[in-house]
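[1] the amino acid sequence is not available; the structure is as follows:
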């Protein structure tokens, strides 16, 4: 892992997290999977929900990682780690605290969701992502569900067979909402 990612994530150093944006995308691209795995460990810790510093470090790192993935067009290389982090969010509360206040794990899920599902035209990525996407539809976060359904619609247009195994679940949820 790049030494700056190691420092920021290892020490949860918020004061250095912004420095990640000064690095060239190609300089950190080989570190992204390992950084995602470290973020999964941090976000799964028992005090993550209440630790504002850790949440801020994770949010900045995820933004940097997803930007680098988009700019280097390396989604296939990092899809498994992205989906793993995304899936780990399902183990935590995703329902908003207040009217417009998402939980820390809902924020992670939203950022990862858009990075993954914007690649709806890449079947290998969608093959990993769609089973997890469908699980999110059950979790009661309306904003996540609404965004998810938009992305799933795009995926259905380009690769409908990936959704075939999930049509019954999607249909029952659609009927429940409408």
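    Okay, I see it. Predicted, not measured: the structure shown is a model, and the values here were computed from it. Residues are numbered from 1 along each chain as shown.
[2] ok, and residue 127, which helix or strand is that part of?
    Using DSSP states H and E, residue 127 falls within helix 123-136.
[3] typo on my end, residue 53
    Assigning secondary structure by DSSP H and E places residue 53 in helix 52-72.
[4] packing partners of whichever helix or strand comes after that helix?
    Note on helix 52-72: by DSSP H and E, the next helix or strand toward the C-terminus is helix 75-88. Helix 75-88 is packed against helix 32-43, helix 52-72, helix 104-117, helix 123-136, with contacts defined by 3 or more C-beta pairs under 8 Å, 6 or more residues apart in numbering; DSSP states H and E. (C-beta placed from N, C-alpha, C; glycine too.)
[5] right, and these - which one's nearest residue 92?
    In terms of C-beta to C-beta, the element of those nearest to residue 92 is helix 104-117, at 3.9 Å.
[6] buried residues in that closest one, which are they?
    Neighbour-count burial for helix 104-117 flags 104-113, 115-117 (criterion: 16 or more other C-beta atoms under 10 Å).
[7] likewise stretch 46-59?
    Within stretch 46-59, the residues scored as buried using 16+ other C-beta under 10 Å are 48, 51, 54, 55, 57, 58, 59.
[8] would you list those residues in CSV and tack on distance to residue 74 and pLDDT?
    Converted to CSV, the buried residues of stretch 46-59 look like this (distance: C-beta to C-beta, whole Å; pLDDT from 0 to 100):
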residue, distance to residue 74, pLDDT
48, 27, 97
51, 30, 97
54, 26, 98
55, 26, 97
57, 22, 98
58, 20, 98
59, 21, 97
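[9] which of the residues you listed sits closest to residue 13?
    Distances from residue 13 to those, taken by C-beta to C-beta, are shortest for residue 57, at 7.2 Å.
[10] residues contacting that closest one?
    Residue 57 makes contact with 8, 9, 12, 13, 14, 17, 42 under the criterion C-beta atoms under 8 Å, 6 or more residues apart in numbering.
[11] now the residue minimising distance to the centre of the chain. Nearest residue, chain neighbours left out?
    The structure's the chain has its C-alpha centroid closest to residue 112; by C-alpha atoms, centre = their mean the separation is 1.9 Å. Leaving aside its sequence neighbours, residue 112 sits nearest to residue 86 (C-beta to C-beta, 6 or more residues apart in numbering; 4.3 Å).
[12] count of neighbours near the one you found?
    When neighbours are counted by other C-beta atoms under 10 Å, residue 86 registers 26.
[13] what's the answer for residue 75, then?
    Neighbour tally, residue 75, other C-beta under 10 Å: 18.
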